[in-house]
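In: this is a predicted model, with the sequence first.
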Amino acid sequence: MVLPLPATTTPTSSSSCSAFLSRHPNGFTSSASEFSNKQRRFIRKHGPAKISATFELKPPPYPLNALEPIMSQETLEYHWGKHHRTYVENLNKQIVGTDLDGLSLEEVVVNSYNKGDLLPAFNNAAQVWNHDFFWESMKPRGGGGGKPSEDLLKLIDRDFGSFEGFVNEFKTAAQTQFGSGWVWFAYKDSRLDVGNAVNPLRSDEDKKLVVVKSPNAVNPLIWGYYYPLLTIDIWEHAYYIDFQNRRPDYISMFMDKLVSWEVVNSRFENAKATVEQMECEDERKRRQEEERFTIDEAPANAVFPDTDIVSE
Amino acid sequence: MAARSLLNRKTLATVLRRDSAALGATAAAHSRGLHTFTLPDLSYDYGALEPAISGEIMELHHKKHHQTYVTNYNKALEQLHDALPKGDASTIVKLQSAIKFNGGGHINHSIFWNNLAPVREGGGEPPKGSLGWAIDEHFGSFEKLVQKVNAEGAALQGSGWVWLGLDKELKRLVVETTANQDPLVSKGPGLVPLLGIDVWEHAYYLQYKNVRPDYLKNIWKVINWKYASEVYDKESS
């Protein structure tokens, strides 16, 4: 009763699946299974509120004038110093003393998304996460290090035809997002979101790079199985001081001069590694199921050929 | 109301002064029996609403943002005009979001320019007459209406509009918000917009930055209640 193994599976027997990474590609500290658990209830705790919710405003990894002349210091002072700061402060006020208090930022985002029935904290939590991710996606002008890695480029060529094809699709998406929002370049895993069901015919073809748009504060975390690699903020406050209505110019300059491919490359490596880990987990689970199944079903005098028995 | 301002002679003159490529397209479309929309003129100078709204914002808002909605609305309608006789269902459906967005943008901004007036032309004077009484009746007082509009406008996430509208069926005033460029009628077929305030960031950012509540506080100084009263009287008779 052996399920057919996917043709493109490299020999990932349990020995080559290294210890499960405790860090999610986007810096989560929660494990993947917790990440998909959406069963928390939201009750205000009784008794004296323990004030432990203190998300802090993370500074960008460069001084506020480092993105001049494309993104001015004035923009950073308002965008980071006011908008981003306000999201952080309001988030803290909203979750103190509630069930969301004490969770990691990613957990607050996913839990407050509440399968689309948004809790009030979602907007602030998601915008805090989005802006952290955005500042880290950019590099100071002349800061060096600016090309997709060979591995990433191979996948870009496969999924977009060419690097130019990818850039065009990203730019078009950013130009055509109506209203406020974000555009994402992400690595999408093929997992079926049905509890512990496993796609028995997984192949590398199912995992792909995509460009997706999202409105207002929404980000790919809440869709599950997307690993964001790069984002651009297309709320008007992101570009109005420097570009006014000229959103296409902002997008072009961002793509040509501001994107930190170092960061994108490392996010991609983390995403691949995490997906691989999950596949090892799945493979392990599948073999356990199978073992149990064959042992139960076989008659007492059955002969087990060697290939049926899972080694190790 | 908005329809009248679309078709006056001043508007035609404005179009002729503009981008001749657009004019060429307009002429071509006209010859195919397709109506093209045009950017309505303002009845006041860009700087006339200062200091409530800066001239820089007014010029960008009208000449660039609204003009872009008009241009893209016409483009989408032309594509629709081509797809309809061909029965190209997927194109027809695909165009709907562009039509809603750009058409809505044109409708909403046309109303908005009429909702504003310089102080020396009555901007900021509270409504009298039947609209004034209706406001007192439905909201308690003019101040309470302002408070409600400001609260809803400030709380709106992302981009959109906050409206004072007349519900023709229920015969009462309402305060509503719409997202992005959705016109008020998308919240209810019987809703008529009397006053709309644009809370997209482009409407206030250069002057008020992230402090949307300050923009909302100040815009009342240039609200043209004469226009809102005219619409109210016409629609509630």
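Out: All right, it came through fine. Bear in mind that the values here come from a model prediction, so they are computed numbers and not experimental data.

In: all contacts plus neighbour counts: C-alpha atoms, from now on.
Out: Fine.

In: do you know how far the residue sitting furthest away from the middle of chain B is from chain A?
Out: What lies farthest from the middle of chain B is B:K86; by C-alpha atoms, centre = their mean that is 33.2 Å. Using C-alpha to the nearest C-alpha, to the nearest Å, we find B:K86 at a distance of 26 Å from chain A.

In: B:L166: which element?
Out: If you go by DSSP states H and E, B:L166 is part of strand B:160-167.

In: ignore the last one, A:E262
Out: Going by DSSP H and E, A:E262 is part of helix A:261-297.

In: give me the distance between the residue of the stretch 1-150 of chain A found nearest chain B and A:L118.
Out: Residue nearest to chain B within the stretch 1-150 of chain A: A:H83 (6.7 Å; C-alpha to the nearest C-alpha). Per C-alpha to C-alpha, to the nearest Å, A:H83 is found 21 Å from A:L118.

In: A:S72 and A:D242 touch, don't they?
Out: Yes: counting by C-alpha atoms under 8 Å, A:S72 touches A:D242, with 6.7 Å between them.

In: what segments of chain B are strands?
Out: In chain B, the strands defined using DSSP state E lie at B:160-167, B:172-179, B:191-198.

In: picking up where we left off before, what about the helix holding A:E262, average pLDDT?
Out: In this model, helix A:261-297 has a mean pLDDT of 87.

In: cool, and stretch A:75-82?
Out: pLDDT averaged over stretch A:75-82 gives 98.

In: measure A:K154 to A:F166 for me?
Out: Following C-alpha to C-alpha, the distance that separates A:K154 from A:F166 is 12 Å.

In: err, A:V110, not the other one
Out: Where A:F166 is concerned, A:V110 sits at a distance of 28 Å (C-alpha to C-alpha).

In: same check on A:W261?
Out: Taking C-alpha to C-alpha, one finds A:W261 at 14 Å from A:F166.

In: neighbour count: A:V110 and A:F166, which is higher?
Out: A:V110 (24 against 19; other C-alpha atoms under 10 Å in any protein chain shown).

In: so where does that one fall, helix or strand?
Out: Using DSSP H and E, A:V110 falls in helix A:105-113.

In: check A:Y187 too.
Out: With DSSP H and E as the criterion, the answer for A:Y187 is strand A:181-188.

In: report how many residues lie close to A:G97.
Out: 21.

In: kindly report the same for A:T176.
Out: A:T176 has 12 nearby residues by other C-alpha under 10 Å.

In: now do it, the pLDDT please.
Out: 95.

In: and chain B, which residues reach chain A?
Out: B:60, B:64-65, B:101, B:157-160, B:180-181, B:201-202, B:205-206, B:209-210 (C-alpha under 8 Å from any C-alpha of the partner chain).

In: A:L155 touches A:V210, doesn't it?
Out: No: with contact defined as C-alpha under 8 Å, A:L155 does not count as touching A:V210 (10.4 Å).

In: and the pLDDT for the nearest residue to B:F112 once chain neighbours are set aside?
Out: Spatial nearest neighbour of B:F112, chain neighbours left out: B:G196 (5.9 Å); criterion: C-alpha to C-alpha, 6 or more residues apart in numbering or on different chains. Note for B:G196: predicted pLDDT of 98.

In: please name the residues that touch B:G196.
Out: B:108, B:111-112, B:115, B:161-164 (C-alpha atoms under 8 Å, 6 or more residues apart in numbering or on different chains).

In: is it bridged to anything, and to what?
Out: B:W163 (DSSP bridges).

In: distance of it from chain A?
Out: 17 Å.

In: quick one on the thing from earlier: and for the residue of the stretch 1-150 of chain A closest to chain B, the neighbour number?
Out: The tally of other residues near A:H83 (other C-alpha under 10 Å) stands at 20.

In: for A:N65, same thing?
Out: Neighbour number of A:N65 under other C-alpha under 10 Å is 17.

In: surely it touches A:S72?
Out: Yes: here A:N65 lies in contact with A:S72, judged by C-alpha under 8 Å, at a distance of 6.4 Å.

In: picking that back up, please report how far the residue of the stretch 1-150 of chain A closest to chain B lies from A:Y225.
Out: Distance, A:H83 to A:Y225, by C-alpha to C-alpha: 29 Å.

In: next one: B:E143, what pLDDT does it get?
Out: Looking at B:E143, its pLDDT is 97.

In: got it, and A:T10?
Out: Looking at A:T10, the pLDDT reads 41.

In: so what's B:S54 closest to, chain neighbours aside?
Out: Leaving aside its chain neighbours, B:S54 sits nearest to B:G47 (6.4 Å; criterion: C-alpha to C-alpha, 6+ apart).

In: wait, isn't that neighbour in contact with B:M58?
Out: Yes: B:G47 lies in contact with B:M58 (C-alpha under 8 Å); the separation is 7.4 Å.

In: what about the two, which has more around it?
Out: Taking neighbours as other C-alpha under 10 Å, B:G47 and B:M58 compare with B:M58 leading, 23 against 16.

In: quick one: low-confidence parts of the stretch 51-200 of chain A?
Out: A:51-53, A:142-145, A:191-200 (pLDDT under 70).

In: what does it have sitting close to chain B?
Out: Counting by C-alpha under 8 Å from any C-alpha, the stretch 51-200 of chain A sits next to chain B at A:78, A:82-83, A:178-181.

In: of those residues, which pair is most distant in space?
Out: A:K82 and A:F178 (23.9 Å; C-alpha to C-alpha).

In: more neighbours: those two, which one.
Out: Of the pair A:K82 and A:F178, A:F178 is the one with more neighbours under other C-alpha under 10 Å, namely 20 against 16.

In: quick check: the gap between the more buried one and A:K139.
Out: 27 Å.

In: for chain A, which segments count as strands?
Out: A:181-188, A:208-215, A:226-233.

In: helices and strands around the last one, which ones?
Out: Packed against strand A:226-233, as judged by 3 or more C-alpha pairs under 8 Å, 6 or more residues apart in numbering or on different chains; DSSP states H and E, are the following elements: helix A:121-136, strand A:181-188, helix A:261-297.

In: same question, the first one
Out: Of the remaining helices and strands, those touching strand A:181-188 by 3+ C-alpha pairs under 8 Å, 6+ apart are helix A:163-175, strand A:208-215, strand A:226-233.

In: so which of the ones you listed is the most packed in?
Out: strand A:226-233 (a mean of 25; mean count of other C-alpha atoms under 10 Å in any protein chain shown).

In: which residues pair with the residue nearest to B:H138 when sequence neighbours are not counted across the strands?
Out: Computed as C-alpha to C-alpha, 6+ apart, the closest residue to B:H138 that is not its neighbour in sequence is B:L173, at 6.5 Å. Beta-bridge pairing of B:L173 under DSSP bridges involves B:L166.

In: neighbours of B:K94, how many?
Out: B:K94: 11 neighbours (other C-alpha under 10 Å).

In: chain A versus that one, what's the distance?
Out: 13 Å.

In: show me what contacts the closest residue in space to B:V175 that isn't next to it in sequence?
Out: In this structure, B:V175 finds its nearest non-sequential neighbour in B:L164, 4.7 Å apart by C-alpha to C-alpha, 6+ apart. Residues in contact with B:L164 (C-alpha under 8 Å, 6+ apart) are B:149, B:173-176, B:193-196.
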